[in-house]
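Chemist: When you get a sec, could you give me coordinates for this:
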Amino acid sequence: MKFWFLLLILGWRMRWLANHNDAFKEKLEEKDTILQFRTESAKVARYYIIRDQKVKPCPGLHPKPNMCMSFKDAEYAYQTIMNASKDKMAFMKGMGSKEIVVTGEAQEMMWFMSLIKFFPPKKKKK
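Modeler: Sure, this is the predicted structure:
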């Protein structure tokens, strides 16, 4: 359930950033891709269509994503994503141990990783 919720929030956040953050919108320029995140069993799956500097989150599996990141299970996915800010190699370790399998275009995964810095909300100044 936590992984499902995390993917839902990620879609909302990316859509919000695409509408309100110029630096994020710049990263979306000329991008036309579909990114998918799922569990191995596909019980949890969500994809994001990125086109025309907009992000459209969608539930379920896409038949032909440009990049798909498949995690061994939802708990592992949630823990890996939540720990990624502390352990920069979390995804690489998961891929090395085959607990994360990336299919499709590897450069799309690297591009997505470049977006991560935008995801945490900015802290309000006191």
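
Chemist: Where do the strands of the protein begin and end?
Modeler: 33-39, 45-51, 54-59, 67-71, 100-104 (DSSP state E).

Chemist: angle of the fourth one against strand 45-51?
Modeler: By that I understand strand 67-71. Computed by axes from the mean of the first three to the mean of the last three Cα atoms, to 10 degrees, the angle separating strand 67-71 from strand 45-51 equals 160 degrees.

Chemist: gap between the helix of greatest length in the chain and the chain center?
Modeler: Once the chain is assigned using DSSP state H, the helix that runs over the most residues is helix 2-20. Relative to its chain's centre, helix 2-20 lies at 9 Å (Cα atoms, centre = their mean, to the nearest Å).

Chemist: for that helix, which positions count as buried?
Modeler: Buried residues in helix 2-20, counted by 16 or more other Cβ atoms under 10 Å: F3, W4, L6, L7, L10, G11, R13, M14, L17, A18. To be clear about C-beta, it is placed using only N, CA and C from the backbone, and glycine gets the same treatment.

Chemist: how about those in JSON lines, adding pLDDT and distance to D87?
Modeler: Below are those laid out as JSON lines (pLDDT from 0 to 100; distance: Cβ to Cβ, whole Å):
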{"residue": "F3", "pLDDT": "92", "distance to D87": "18"}
{"residue": "W4", "pLDDT": "95", "distance to D87": "23"}
{"residue": "L6", "pLDDT": "93", "distance to D87": "17"}
{"residue": "L7", "pLDDT": "95", "distance to D87": "20"}
{"residue": "L10", "pLDDT": "92", "distance to D87": "19"}
{"residue": "G11", "pLDDT": "94", "distance to D87": "24"}
{"residue": "R13", "pLDDT": "93", "distance to D87": "21"}
{"residue": "M14", "pLDDT": "94", "distance to D87": "23"}
{"residue": "L17", "pLDDT": "94", "distance to D87": "24"}
{"residue": "A18", "pLDDT": "95", "distance to D87": "28"}
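
Chemist: Please dump these into JSON lines; it should also carry distance to F118 for every row.
Modeler: Shown next, in JSON lines, are the buried residues of helix 2-20 (distance: Cβ to Cβ, whole Å):
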{"residue": "F3", "distance to F118": "20"}
{"residue": "W4", "distance to F118": "22"}
{"residue": "L6", "distance to F118": "16"}
{"residue": "L7", "distance to F118": "16"}
{"residue": "L10", "distance to F118": "11"}
{"residue": "G11", "distance to F118": "14"}
{"residue": "R13", "distance to F118": "8"}
{"residue": "M14", "distance to F118": "8"}
{"residue": "L17", "distance to F118": "5"}
{"residue": "A18", "distance to F118": "10"}
